[in-house]
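Visitor: Got a sequence here, can you build the structure:
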Amino acid sequence: MKILLIEDETELQKSIEQYLEMEGNIVEVSPDFHHAQQKIAIYDYDCILIDITLPNGSGLDLLKEIKLKKSKAGIIIISAKNSLDDKVNGLDLGADDYLPKPFHLSELNSRIKALIRRKSFDGNVEISINEIKILPNERRVLVHNQDVILTSKEYDLLLYFISNKNRVVSKSALAEHLWGDNSDRLDNFDFIYNHVKNLRKKLLEKKCEDYLTTIYGIGYNFKTQE
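Guide: Now for the predicted structure:
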């Protein structure tokens with residue numbers, strides 16, 4: 001998952017970033033209101049973690065901007081302000097969850113996973129698309145009940161395709177999702193072609209249908225009939 005962490009406490013910021021990256025996520029960090037505004041305006045995320053009290057502004061105002069953008073990101077407020085009013089305001093403005101500080105990082109991680117399951121996969125712990133089965137908690141993929149050994153990027157690519165099935169996904173969107181802000185420094189998207197080619201090859205070797213359609217000059221479409 002691609003996650004934006006909006007948090008100004010340096011130690012907590014580093015702890016959350018390291019923990020979520022160890023879980024296989026791409027984590028971008030914004031330490032203040034204005035930096036977060038720029039990130040939200042330019043990039044798309046699967047999940048956004050927002051502290052309410054930020055330098056130069058309020059996380060609740062950022063929440064309003066996210067909703068005006070019609071972002072599909074799941075939003076979790078993480079805040080030391082544990083008053084009922086703050087919780088109600090945040091949820092009424094469109095936050096999906098509210099986690100008061102202090103909290104265990106394992107709980108935050110579980111809430112993020114549960115939120116993504118609800119928003120992208122109808123709350124299912126297992127994701128099934130015809131003969132493909134994905135077990136996100138294990139980062140495991142099976143085709144016709146046979147394990148498919150994928151690299152980390154190939155796994156993330158497959159999950160992104162399935163969460164956007166029957167839609168055209170541009171190469172730039174894939175690059176941004178898999179490499180975060182670093183995608184801005186890439187000269188071309190040839191590496192996307194190589195990852196897609198390897199993913200397709202591994203799926204076909206397990207007698208999987210070829211769901212991937214190349215839209216030349218644009219990107220890909222994972223077409224499936226369930």
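Visitor: list the helices and strands the least confident helix or strand in the chain by mean pLDDT packs on?
Guide: When the helices and strands of the chain are compared on mean pLDDT, DSSP states H and E, helix 171-179 comes out lowest with a mean of 81. Helix 171-179 makes packing contacts with strand 26-30, helix 152-163, helix 190-205, strand 219-222 when contacts are defined by 3 or more C-beta pairs under 8 Å, 6 or more residues apart in numbering; DSSP states H and E. Backbone N, C-alpha and C define where each C-beta goes, glycine included.
Visitor: Just name whatever secondary elements the third one is in contact with.
Guide: Helices and strands in packing contact with helix 190-205 are listed as helix 152-163, helix 171-179, strand 212-215; criterion 3+ C-beta pairs under 8 Å, 6+ apart.
Visitor: quick one: contacts of that helix?
Guide: Contacts made with helix 190-205 from outside it, assessed by C-beta atoms under 8 Å, 6 or more residues apart in numbering, are listed as 132, 143, 148-151, 153-154, 157-158, 171, 174-175, 178, 210, 212, 220.
Visitor: Same question for the second one.
Guide: With contacts defined as C-beta under 8 Å, 6+ apart, helix 152-163 is touched by 24, 120-121, 127, 129, 132, 134, 136, 139, 141, 150, 169, 174, 177-178, 195-196, 198-199, 202-203, 211-212, 220, 222.
Visitor: of the residues you listed, buried ones?
Guide: Burial of the contacts of helix 152-163 was assessed by neighbour count (16 or more other C-beta atoms under 10 Å); the buried members are 120-121, 127, 129, 132, 134, 136, 141, 150, 169, 174, 177-178, 195-196, 199, 202-203, 211-212, 220, 222.
Visitor: Look at residue 197 and say how many residues are nearby.
Guide: Using other C-beta atoms under 10 Å, residue 197 has 11 other residues around it.
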